[in-house]
Structures are given as structure tokens and as C-alpha cells.
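**Student:** need coordinates for the below:
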Amino acid sequence: MALTFKEHTGNGSNKVFDYPFPVYKTEDIKVALNGVTQSTGYTATTSPANLTFTTAPASGVLVRVYRDTEVDSAKAVFAAGSSIRAADLNNNQDQLLYAVQEEQNQRDWLQEISLDDDVKIKLGN
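**Tutor:** Next comes the predicted model:
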């Protein structure tokens, strides 16, 4: 199974964390601190594959760098009468492959959660 995330532990001084998975664009790279997804306070790069925080995560904080591929639109759209390039077909296929890998990893991650019998969970957006 392809890995679509990497976990680190903050130490209060390290601001740069690497990730081992391919991405199409830096906006697909997300980070969660102790399970809470962050929308600001970091910059992602693809070469090198790093995520850099503005402020280093505190000591003991679980830093989860993960990929969340945007699939609302295809990487390439084809029109009648236009040429079809192999690169466009491969990009569309990779986009779907990335999304399936992410779903598979998320399912495995959720299976690790254990709860007491009396715990209630409220699901929202």
C-alpha cells in the first residue's frame, strides 16, 4: 500500500518536516497538529519535499503531513477533435490513483481508533 502521510513529533525548535509521497501541487499537502488540520502557519514545497512552519510545533506535538489530492476537476479535459496526449492521460490516471491511495490510508488510520462502549461520537462536516 502506498504511503500518503508521514508523522513526526515536534520538539519546539524544528520547523522543517519532510514527506515521502508524490504530489501534483503544494496545495495538496496538508498538515495536522495533534489531529487538528491547519490552514495557515506553514509553507509546503515539492522539491525538496518539505513542509516548513512559521513557528516550530511544541515539544511532543504530533505533526502529521499528508496528501489530500483535489479531485473536483480532472487534471486534463479532452475535447472532440483534439489530440490526446499520453502525459494528459497519465496525469488523470495518477490523480485518481492518488485519491484512492488516500482513501485507503484514511480507512486504515480510522481502524486504529478504539473507544469505550459508552462513548458517543457526533459526526459533522
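
**Student:** while we're on the residue nearest the centre of the chain, how confident is the model there?
**Tutor:** Closest residue to the average C-alpha location of the chain: Arg67 at 1.6 Å, with CA atoms, centre = their mean. In this model, Arg67 is scored at 93, pLDDT.

**Student:** and what of the one 5 residues further on?
**Tutor:** In the predicted model, Asp72 carries a pLDDT score of 87.

**Student:** before we move on, back to that, ok, and the closest non-adjacent residue to the residue nearest to the centre of the chain?
**Tutor:** Spatially, and ignoring its direct neighbours in sequence, Arg67 is nearest to Thr4 (4.7 Å; CB to CB, 6 or more residues apart in numbering). Backbone N, C-alpha and C define where each C-beta goes, glycine included.

**Student:** about what we covered before: beta partners of the residue nearest to the centre of the chain?
**Tutor:** Counting by DSSP bridges, Arg67 is bridged to Ile29.

**Student:** wait, it sits on Val100?
**Tutor:** No. Contact criterion CB atoms under 8 Å: Arg67 and Val100 do not qualify, at 12.0 Å.

**Student:** would you map the helices across this structure?
**Tutor:** Counting by DSSP state H, the chain has helices at residues 86-111.

**Student:** using the centroid of it, identify the residue furthest from it.
**Tutor:** For the chain, the largest distance from the centre (CA atoms, centre = their mean) belongs to Gly81, which lies 36.0 Å off.

**Student:** backbone phi and psi for that one, please?
**Tutor:** With angles defined as degrees, to the nearest 10, Gly81 sits at phi 90, psi -10.
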